[in-house]
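Got a predicted structure plus its sequence, pasted below:
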Amino acid sequence: MSHPKEEKTILIIKPDGVKRGLIGEILKRIEQKGLKIIALQMFKASKKEMDKHYPKDKAWIKRLGEKAMKNYKNRREAKRILGTDDPLKIGKKTRSWLLDYVTSGPMVKVVIKGVHAIGMVRKLTGPTFPSEAEMGTIRGDFSVDSAFAANHDQRAIHNIVHASETKKEAKHELKLWFLPKEVHDYKRAEEEIMF
């Protein structure tokens, strides 16, 4: 078991975050928290690459559909807006919209290292739905989008960033997006003081 300060995670600033000029602000918040940025690159992803990024297993897709449905009063309302009340079918639609969204413009991919990096970055970004994110989080401060609005528009939620949820996801994404030679570890000046 490695030390918690060795944990690595992936953050991707999505096209809406790039287009709105939020790259510097997002990176600043990460560094101010005491986390290290050990790799950074702007890129334009293909649908094939993003298809590899997002899980394809039924459980994940169904969970995506269930998240989308939780904003409706009942299944009938969900069916009227989305054309179905089957969480798996809704999840497949949502995943398709997500691929369209993340391939619509340039993004910035980042490897972040530090104490409990995965959880810390998730706290900094806030919940997936910006309308539920607290002020002080990236999504809470810079987006007001909701699943309900996105579903009505037949599109993905514009939520500024992606952050790995689990160690397994972070490991998969790190391998997918960066070669080992592109990741550069170093010692921050304040590391001796902070931990």
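Sure thing, it's come through. Residues are numbered from 1 along each chain as shown.

Sketch out the low-pLDDT regions of the chain for me.
1, 194-195 (pLDDT under 70).

before we move on, what SS does Thr128 have?
coil (DSSP: H, G, I helix; E, B strand; the rest coil).

Okay, it and His172: tell me how far apart.
18 Å (Cβ to Cβ, to the nearest Å). (C-beta placed from N, C-alpha, C; glycine too.)

How is Lys181 classified with respect to secondary structure?
Going by three-state DSSP: Lys181 is helix.

Next, count neighbours for it.
7 (other Cβ atoms under 10 Å).

any idea which residue sits dead centre in the chain?
Nearest residue to the geometric centre of the chain (Cα atoms, centre = their mean): His162, 1.3 Å.

for the residue lying closest to His53 once chain neighbours are set aside, what are its contacts?
Residue nearest to His53 in three dimensions, not counting chain neighbours: Leu176, with 6.1 Å by Cβ to Cβ, 6 or more residues apart in numbering. Leu176 sits next to Glu49, Lys52, His53 when contact means Cβ atoms under 8 Å, 6 or more residues apart in numbering.

Can you verify Leu176 is assigned to a helix?
Yes. Under the criterion used here (three-state DSSP), Leu176 sits inside a helix.

From Ile10, how far out is it?
8 Å.

do Ala78 as well
With Cβ to Cβ as the criterion, Ala78 and Ile10 are 31 Å apart.

Looking at those two, which is more packed in?
Ile10 (26 against 22).

and the more buried one, what are its phi and psi?
Here is the backbone geometry of Ile10 (degrees, to the nearest 10): phi -110, psi 140.

Surely it and Trp177 touch.
Yes. Contact status for Ile10 versus Trp177: in contact at 6.3 Å, counting by Cβ atoms under 8 Å.

This completes my enquiry, with thanks.
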